[in-house]
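1. fold the stuff below for me.
(one chain, ligands or ions: 1)
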Amino acid sequence: MANKDNIQNETNIKNISIFIEILFPSDKILISAYMISLKTRITDLFKIQYPIIQGGMVWCSGWELASAVSNSGGLGLIGAGSMTPEILKIHIRKAKNATNKPFGVNIPLIYSRVEEIIKIIIKEDVKIVFTSAGNPKKWTSFLKNHGVTVVHVIANRAFAMKSEEAGVDAIVAEGFEAGGHNGREETTTFSLIPLIERAVSIPIIAAGGIGTGRGILAALALGADGVQMGSVFAASEESSAHINFKNEIIKAGEGDTRLTLKKLIPVRLLKNKFYTEINLAIQEGSTTREILEILGKGRSRKGIFEGELSEGELAIGQVSALINKIKPVNEIMEEFLTEIQLAGKELKKFLNN
Ligand SMILES: Cc1cc2nc3c(=O)[nH]c(=O)nc-3n(C[C@H](O)[C@H](O)[C@H](O)COP(=O)(O)O)c2cc1C
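-> Numbering: from 1, shown residues only. Now for the predicted structure:
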């Protein structure tokens with residue numbers, strides 16, 4: 001018998017239509033020239049071609065990365081978490097020059113200059129904002145009253161429901177595998193998406209551990225309307241991260257990242273000297289104050305932007321084990337689409353049998 005859950009699932013599957021066309025240009029068949037159209041509530045919401053979002057990332061996602069993703073048919077986000085309001089203004093203006101496609105700004109709400117950042121966003125007429133690391137009630141209605149589409153990042157069911165109540169247009173549901181700040185519940189993306197899909201009716205963007213076309217299809221099959229990826233784009237040519245950090249992502253293998261600072265502010269990092277020091281302090285029962293002292297200030301900048309690999313904080317996801325080359329964004333996106341096409345064909349075989 002149909003219940004609310006499987007009615008929602010059916011609608012979702014219907015919304016995800018894949019049309020594949022092989023084009024025949026003048027005299028030769030171009031096998032790689034194809035068109036995939038993945039229409040979901042997320043492509044409708046943002047008026048983008050593919051439901052693929054590049055997550056806002058401190059020290060990685062400036063105008064260059066965001067506009068490259070938007071130009072490739074996804075949605076690029078400028079990461080305001082590592083920018084002063086003045087710098088953000090420059091990045092927004094450069095992004096507008098570099099693309100005529102939609103792009104947005106990510107604001108971690110724990111950032112002390114949120115109010116100034118939001119003023120810039122309104123003044124510069126940015127129409128898409130992804131908030132994270134904070135209470136969605138604080139800024140959602142203000143932003144929406146200014147015509148902004150608002151998405152909030154969550155890692156558990158309670159916050160998904162709170163975000164829907166606050167009136168956000170969609171949520172990013174980010175699992176335990178993800179790079180950067182993370183949930184205390186340690187819910188993996190595979191468990192989180194179906195949980196959230198049963199809890200809210202607004203569109204869901206899956207994040208955490210997605211780095212391939214197959215991963216994108218899996219997230220859609222789980223009930224998501226789109227995906228957000230960070231790690232894969234952090235290692236791209238257009239990422240503003242230091243080359244040392246990008247090379248470290250390429251080198252990273254299975255088990256090289258860990259979630260730490262679980263009581264304070266959980267974050268997934270590459271295991272380096274900084275990580276080892278923090279973990280030792282936690283194991284030895286150091287107080288919050290002592291741990292904050294070790295953390296100090298500017299560790300992310302040091303690691304990601306300045307390429308100081310032992311003293312810096314190196315946020316990255318488990319999916320780093322799959323990343324083995326620094327590539328331009330358009331190549332990354334093309335690979336996703338090729339793999340979606342192939343995986344889609346394989347899955348169709350299962351369904352026909
Ligand atoms: C280097 C790095 C920095 C990040 N910075 C932010 C940030 O400033 N704000 C935010 O909401 N998420 C941030 N994230 C999370 C990403 O936006 C994205 O949700 C996450 O990377 C998805 O998981 P994945 O790493 O498995 O792709 C960061 C992730 C990385 C890897």
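
2. per-residue confidence for residue 256?
-> The model reports residue 256 with a pLDDT of 98.

3. gap between the residue in the stretch 151-300 of the chain positioned nearest to the ligand and residue 311?
-> Among residues of the stretch 151-300 of the chain, the one nearest the ligand by C-beta to the nearest ligand atom turns out to be residue 230. It sits 2.0 Å away. Backbone N, C-alpha and C define where each C-beta goes, glycine included. Between residue 230 and residue 311 the computed distance is 22 Å (C-beta to C-beta, to the nearest Å).

4. ok, residue 104 next?
-> For residue 104, the distance to residue 311 (C-beta to C-beta) stands at 32 Å.

5. these two: which has the busier surroundings?
-> A side-by-side neighbour count of residue 104 and residue 311, using other C-beta atoms under 10 Å, places residue 104 first with 26 against 14.

6. the more buried one: which element?
-> Per DSSP states H and E, residue 104 falls inside strand 103-108.

7. before we move on, what about residue 339?
-> Using DSSP H and E, residue 339 falls within helix 329-352.

8. let me know the secondary structure of the closest residue to residue 165 other than its chain neighbours.
-> Ranked by C-beta to C-beta, 6 or more residues apart in numbering and with sequence neighbours excluded, the top spatial neighbour of residue 165 is residue 137, at 7.9 Å. In the three-state summary, residue 137 is assigned as coil, counting by DSSP: H, G, I helix; E, B strand; the rest coil.

9. surely residue 137 and residue 159 touch.
-> No. Using C-beta atoms under 8 Å, residue 137 is not in contact with residue 159, being 11.0 Å away.

10. compare the two (neighbour count), which wins?
-> residue 159 (19 against 14).

11. for the more buried one, pull up the helix or strand it's in.
-> For residue 159, the element it lies in under DSSP H and E is helix 157-166.

12. tell me which parts of this protein are close to the ligand?
-> Contact residues, the chain versus the ligand (C-beta under 6 Å from any ligand atom): 55-58, 60, 79, 81, 106, 108, 132, 153, 174, 177-180, 207-210, 228-231, 234, 304, 315-317, 319.

13. about what we covered before: ok, then the element right after the helix holding residue 159?
-> Defined by DSSP H and E, the subsequent element after helix 157-166 is strand 170-174.

14. tell me the first helix or strand C-terminal of that following strand.
-> strand 180-181.

15. and for that next one, what's in contact with it?
-> With C-beta atoms under 8 Å, 6 or more residues apart in numbering as the test, strand 180-181 has contacts from 57-58, 108, 132-133, 230, 265-268, 315, 317.

16. any idea how far residue 160 lies from residue 86?
-> Distance of residue 160 to residue 86, given as C-beta to C-beta: 34 Å.

17. what's the answer for residue 349, then?
-> 55 Å.

18. return the backbone torsion pair for residue 310.
-> Phi and psi for residue 310, reported as degrees, to the nearest 10, are phi -100, psi -40.

19. filter the residues of the chain next to the ligand down to the buried ones and express that as a PyMOL selection.
-> If you want just the buried ones from the residues of the chain next to the ligand in PyMOL, going by 16 or more other C-beta atoms under 10 Å, the selection is:
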select buried, resi 55+56+57+58+60+79+81+106+108+132+153+174+177+178+179+180+207+208+209+210+228+229+230+231+234+304+315+316+317+319
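
20. in strands, which of the residues of the chain next to the ligand appear?
-> 79, 106, 108, 132, 153, 174, 180, 207, 228-229 (DSSP state E).

21. could you dump the contacts of strand 180-181 to TSV with pLDDT?
-> TSV is the format used below for the contacts of strand 180-181 (pLDDT from 0 to 100):
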residue	pLDDT
57	98
58	98
108	97
132	97
133	93
230	98
265	89
266	93
267	94
268	97
315	97
317	98
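
22. show me where this protein dips below the pLDDT cut-off.
-> 1-35, 353 (pLDDT under 70).

23. Three-state assignment for residue 76, please.
-> strand.

24. and residue 160 and residue 86? which has more neighbours close in?
-> Each of residue 160 and residue 86 has its neighbours counted (other C-beta under 10 Å); residue 160 has more, 25 against 9.

25. circling back: which among the ones in strands among the residues of the chain next to the ligand gets closest to residue 69?
-> Checking those against residue 69 by C-beta to C-beta gives residue 229 as the nearest, at 9.3 Å.

26. in terms of secondary structure, what does the helix holding residue 339 contact?
-> Judged by 3 or more C-beta pairs under 8 Å, 6 or more residues apart in numbering; DSSP states H and E, helix 329-352 is in contact with strand 34-36, strand 52-54, helix 63-71, helix 213-222, helix 231-234.

27. buried sites along it?
-> By neighbour count on 16+ other C-beta under 10 Å, the buried set for helix 329-352 is 329-330, 332-333, 336-337, 339-341, 343-344.

28. and if you look at stretch 234-246?
-> 234-236, 238-242, 245-246.

29. same check, this time on stretch 149-167
-> 149-157, 159-160, 162-164, 166.

30. check stretch 67-78 too.
-> Neighbour-count burial for stretch 67-78 flags 67-78 (criterion: 16+ other C-beta under 10 Å).

31. in the stretch 251-353 of the chain, which residue sits closest to the ligand?
-> The ligand sits closest to residue 317 of the stretch 251-353 of the chain, with a gap of 2.8 Å, by C-beta to the nearest ligand atom.
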